[in-house]
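A.B. asks: Need coordinates for the following:
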Amino acid sequence: MECGGKVTPQLMMAVGTAVIGSLQFGYNTGVINAPQNIIEGFYNETWSNRFSEPISQTTLTALWSLSVAIFSVGGMFGSFSVGLFVNRFGRRNSMLMANVLAFIAATFMGFSKLAASFEMLIIGRFIVGLYSGLSTGFVPMYVEEISPTSVRGALGTLHQLGVVIGILMAQIFGIESIMGNASLWPLLLGFTLLPAVLQCALLPFCPESPRYLLINCNEESKARSVLMKLRGTEEVSEDMQEMREESQKMMREKKVTIPDLFRSPTYRHPIFVAIMLQLSQQLSGINAVFYYSTGIFERAGVSQPVYATIGAGVVNTVFTVVSLFVVERMGRRPLHLIGLMGMAVSAVFLTIAMALLDQLRWMSYVSIAAIFSFVAFFEIGPGPIPWFIVAELFSQGPRPAAIAVAGFSNWSANFLVGMCFQYVEQLCGPYVFIIFIVLLLGFFVFTYFKVPETKGRTFDEIAASFRQSAGAGSDKYSAPEEFSTLRGMQTAFTNICERMGRSQELSEFQRGTVIGCHLCNKSSRDSCIIRKWKCVGTTATQPPSGRPRKLMEWGQQMLRRIVPRGHQLSAESVATDLQTSCGFQISSRTVLQQRVSWNGFPWSSSCIQAIHHQVQCKALDAMV
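C.D. replies: From the prediction side, this is the model:
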């Protein structure tokens, strides 16, 4: 798709508008930290006014921990709901609708002081967590689907760039002289309203994902029009052809549910990769480094450690930009490996420096350098790559469910680290980073052996590689999935009926034998029959006898009951036949064991093979 690989103003506007959601996520991640003491004072004052006694330290700690952690809980729920929105409302409209949550959250948090209610602040944090969880799914999906293959990784990195810019904004605005003070902290928390207003104003001028329009909505003319605007050229034939091919495959690919991701061997490998990449981000120790940074800067003699922390945020941003420019040259996998190993080495130096900090004062400077190095390597690989590579690993059908699972994994790990780290730190002290070193090395090994390179490959090519690896690693044949949607069933059955109606040279028993052999190919013995009747089914003039005859009879029954010759089936009648009138049950015993090439037959063998996937006879053992 090189012809459409340039970056156009329309494309950058769409990506930039979407990334406002990423900025919101980053801002609300970091905004609560700077005014901690002031907000705790607000909690104490509110409690005293209500109950005429000061709040206990235990209750105050619990309320503060809840205020921080509830954001991740909201993110878990939000990320898990991504598929519900994008499949029903589209990518762009889902982002637009999510801003309602940002408005509500900003109102709750911004007016919590005026209402003297810390409950409003906590509820607002939960709602903005819902919004952020949705955004971490919507934004990467939208950006990946509108981007040309040649720059997909670079534009995908913009999601993480938006996150780190949001964190940096929160750190700067949280300075006491700006908004991190007793009078302006509600504005600091309510600031999330402004980016939401900006995104709502810009999104109507951004296009819907062309992949969604063509593959999900079957609106080819709209998809072509959107592509021409995004690519800045009328020559979008390669993009359209690639999407058509994916659309045809999606007709055989069901709307995958979350359990299906773990049941199917085709999806099990990529979803495991997606989850592990998300865990490699959250369990890398990046949050722990920022937790320690202020104390380390104080020991190093930095008079204003908050500014040094902002300096770490600047490093965060700069190296995300570096990743943006090198990801399409070096690839996703090498950058992730470099990032993980660099973080592990930095963590080793940080552990040594912290252990010797009291004995050797100059070790504080080593620790500062290790912190900056750790942050830099994080943004080279584990920071940006897990977010957008998930969308690359899956085709259009399973992508929403996969992004929901990956996002839920990320938010869950974030929540666990936030809740458990302080207790682990008290137990291990400066040696807490040894845990992260072990985890980083483990993720490095996993990435080296299990994570594929996706640079320069189309979504369909990436999905095909997983299908091939799933087939190579299993003796069982994974059935085609044409019948998983009504549209797919209608197309598959209509194709069979039309082809059979024109195939007068094949007798009824020959057609029945073909389908019967396909449906009953469940053992090596049946495979021998298949090989024999591959020829006999096209040449014999008399019905077979013995076991092949039983195969033929069963195939004829399937023909009579499900695909009557020449009958044009509607989607509704197909669904009725499958679900009610046939009265068949699916049994794993009859799953095809190997793919058989039916050369010479005028209809699609994959369509015939797909029959067994949804319809199978209870009386199989009695007939065969």
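A.B. asks: what about Ile310, distance to Gln282?
C.D. replies: Distance, Ile310 to Gln282, using CB to CB, to the nearest Å: 23 Å. To be clear about C-beta, it is placed using only N, CA and C from the backbone, and glycine gets the same treatment.
A.B. asks: higher neighbour count, these two?
C.D. replies: Gln282 (22 against 18; other CB atoms under 10 Å).
A.B. asks: I'd assumed Gly418 was in contact with the more buried one.
C.D. replies: No. Using CB atoms under 8 Å as the test, Gln282 is too far from Gly418 to be in contact (9.6 Å).
A.B. asks: what helix or strand does Phe443 sit in?
C.D. replies: helix 433-450 (DSSP states H and E).
A.B. asks: same question for stretch 242-251, mean pLDDT?
C.D. replies: Computed over stretch 242-251, the mean pLDDT rounds to 77.
A.B. asks: To clarify, my last question referred to stretch 398-417.
C.D. replies: On average, stretch 398-417 scores 92.
A.B. asks: Next, the buried residues of the helix or strand Ala201 falls within.
C.D. replies: Using DSSP H and E, Ala201 sits within helix 193-202. By 16 or more other CB atoms under 10 Å, the buried positions in helix 193-202 come out as Leu193, Pro195, Ala196, Gln199, Cys200, Leu202.
A.B. asks: Look up how far Ser247 lies from the residue nearest to the spatial centre of the chain.
C.D. replies: By CA atoms, centre = their mean, the mean C-alpha position of the chain lies nearest to Ile403, the distance being 2.0 Å. Distance of Ile403 to Ser247, computed by CB to CB: 20 Å.
A.B. asks: picking up where we left off before, which strands and helices lie in contact with the helix holding Phe443?
C.D. replies: helix 265-282, helix 332-355, helix 399-428 (3 or more CB pairs under 8 Å, 6 or more residues apart in numbering; DSSP states H and E).
A.B. asks: The shortest one to helix 433-450, inter-axis angle?
C.D. replies: Relative orientation of helix 265-282 with respect to helix 433-450: 150 degrees, computed using axes from the mean of the first three to the mean of the last three CA atoms, to 10 degrees.
A.B. asks: now swap in the second one and tell me
C.D. replies: Helix 332-355 and helix 433-450 meet at an angle of 170 degrees, taking the same axes, to 10 degrees as the criterion.
A.B. asks: what's the answer for the longest one, then?
C.D. replies: Helix 399-428 and helix 433-450 meet at an angle of 150 degrees, taking the same axes, to 10 degrees as the criterion.
A.B. asks: and helix 399-428, what does it pack onto?
C.D. replies: helix 57-80, helix 82-89, helix 118-146, helix 258-263, helix 265-282, helix 286-299, helix 385-393, helix 433-450.
A.B. asks: Let me have those in JSON lines, extended by mean pLDDT and distance to Ile167.
C.D. replies: Output for the helices and strands packed on helix 399-428, formatted as JSON lines (pLDDT from 0 to 100; distance: least, CB to CB, whole Å):
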{"stretch": "helix 57-80", "mean pLDDT": "92", "distance to Ile167": "13"}
{"stretch": "helix 82-89", "mean pLDDT": "92", "distance to Ile167": "22"}
{"stretch": "helix 118-146", "mean pLDDT": "97", "distance to Ile167": "12"}
{"stretch": "helix 258-263", "mean pLDDT": "90", "distance to Ile167": "30"}
{"stretch": "helix 265-282", "mean pLDDT": "94", "distance to Ile167": "14"}
{"stretch": "helix 286-299", "mean pLDDT": "75", "distance to Ile167": "9"}
{"stretch": "helix 385-393", "mean pLDDT": "92", "distance to Ile167": "14"}
{"stretch": "helix 433-450", "mean pLDDT": "96", "distance to Ile167": "20"}
